[in-house]
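[1] Predicted model and sequence below, questions to follow.
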Amino acid sequence: MGKASIIGRNLSLGYAKGRIRKEILNGLDFELFSGELTCLLGPNGVGKSTLVKAVLGQLKPFRGEVLLHRKPISEYSNEELAKELSVVLTEPFLPGNMTVGQLVAMGRIPHTGWTGKLEEKDKQVVQNALAATKIEYLRDERLSEISDGQRQKALIARALAQDGKVMVLDEPTAHLDLVNRYEIMHLLREIAKTQGKSILVVTHDLEIALETADRFWLLNCGTPLISGLPEDLVISGQINQLLPGKKFHFSVEKGRIESKNEELKIEISGPKILVSWISKALEKAGIKELSGTIEVSEDPFSISYKGVVYSRVEEFIVANL
Ligand SMILES: Nc1ncnc2c1ncn2[C@@H]1O[C@H](COP(=O)(O)OP(=O)(O)OP(=O)(O)O)[C@@H](O)[C@H]1O
């Protein structure tokens, strides 16, 4: 565990309209460590973006304080904050006629001043950021003429070029395809590790977060923020805080969310993994009860049931619906 770059103590956060205060989160404590990728997870509307705004010094707490490198964040000027914090927020305003290269170069402004004149070193940082996010080929494309996912990568590249010690990204992979989502999260983790940065990512992608995060922050209505290794939260069952209803639970065995349907009254014998996939398919097909045992074998895959052999799960389901 590295040093805590950002510390929140006994925070009460919310929004004020005139004299009326709407408190969203209270009694909130957290520490964001350097060298770690931390993922903040929680249901819609629980207050993740609100927490992020406080971490960035954009929302003044009703109570408590946020410390950046042990100094109250309110004591930093905007220029100082821009050198310390790199941010990727959802739906930022972007001028459509700007090119990807220009957007990424804007990340260097806190270091170059508003003249924007890039020294050789700055150009290299921009180049590295484009390369790390694999968008060098988009350098001269206009922001209005690229896809949502490509724009998202350009924003991540800008944050990399900004090179703050703390990076905060609110749903950075929302528009990306599956491979890109994994790649970006792996990249962020690598940056946290190799450059000793503190990286906070808000995400709804539990499975990718489990694969890549060093630490989870779980936020749920009316409970304190839970911080821990993802694996500890899975083992202790606290991960189920993300799934408060009766419909779903996190399967420790399978490492994924599954519906809490009634137990299948079907006997299936064979390799454990295959049994698990076949059970899933039967459950989805609405087959909950069958007499006798289904025998499953691998290499080659086959299902034997009542003297008939099937080579695909679909054939078996069609025959037994
Ligand atoms: N500017 C604002 N003024 C008043 N209330 C707000 C404001 N922004 C957010 N809220 C309220 O704060 C609560 C938490 O919102 P927030 O955006 O932090 O949730 P979230 O966990 O990020 O949600 P999501 O996963 O849907 O992005 C919501 O009830 C929302 O209506």
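    Done, it's in. Being a predicted model, the structure only gives us computed values, none of them experimental.

[2] Once you drop chain neighbours, what's closest to residue 297?
    Nearest residue to residue 297 in three dimensions, chain neighbours excluded: residue 270, at 6.1 Å (C-beta to C-beta, 6 or more residues apart in numbering). Quick note: C-beta positions are derived from backbone N, CA and C, even for glycine.

[3] what's the one you found sitting at in phi/psi?
    The phi/psi pair for residue 270 (degrees, to the nearest 10) reads phi 140, psi -170.

[4] By mean pLDDT, flag the weakest helix or strand of the chain.
    Least confident helix or strand, the chain: strand 256-259 with a mean of 79, by mean pLDDT, DSSP states H and E.

[5] Just checking: what are the partner strands of it?
    Here strand 256-259 is paired, per DSSP bridges, with strand 248-251 (antiparallel).

[6] what's near enough to touch residue 245?
    If you count contacts by C-beta atoms under 8 Å, 6 or more residues apart in numbering, residue 245 has none.

[7] Quick check: it vs residue 43, distance?
    Between residue 245 and residue 43 the distance is 10 Å, computed by C-beta to C-beta, to the nearest Å.

[8] Then residue 95?
    Distance, residue 95 to residue 43, using C-beta to C-beta: 34 Å.

[9] neighbour count winner among those two?
    Comparing residue 95 with residue 43 by other C-beta atoms under 10 Å, the one with more neighbours is residue 43, at 16 against 10.

[10] residues contacting the most centrally placed residue in the chain?
    Among the residues of the chain, the one closest to the centroid is residue 203, at 3.1 Å (C-alpha atoms, centre = their mean). Residue 203 makes contact with 39, 40, 41, 171, 172, 173, 209 under the criterion C-beta under 8 Å, 6+ apart.

[11] and if you look at residue 183?
    The neighbours of residue 183, taking C-beta under 8 Å, 6+ apart as the test, are residue 134.

[12] how far away is the residue nearest to residue 297 from the ligand?
    41 Å (C-beta to the nearest ligand atom, to the nearest Å).

[13] count of neighbours near that residue?
    When neighbours are defined as other C-beta under 10 Å, residue 270 has 18 of them.

[14] On the pLDDT front, check the residue nearest to the centre of the chain for me.
    As predicted, residue 203 sits at a pLDDT of 95.

[15] Other residues contacting the least confident helix or strand of the chain?
    Outside strand 256-259, the residues within contact range by C-beta under 8 Å, 6+ apart are 206, 207, 243, 247, 248, 249, 250, 251, 280, 283.

[16] what do you get for stretch 133-147?
    94-101, 103, 127, 130, 150-151, 153-154, 156-157, 160, 175, 183-184, 187.

[17] now it, how far from the chain's geometric center?
    Chain-centre distance of stretch 133-147: 23 Å, with C-alpha atoms, centre = their mean, to the nearest Å.

[18] before we move on, what about stretch 3-16?
    Relative to its chain's centre, stretch 3-16 lies at 20 Å (C-alpha atoms, centre = their mean).
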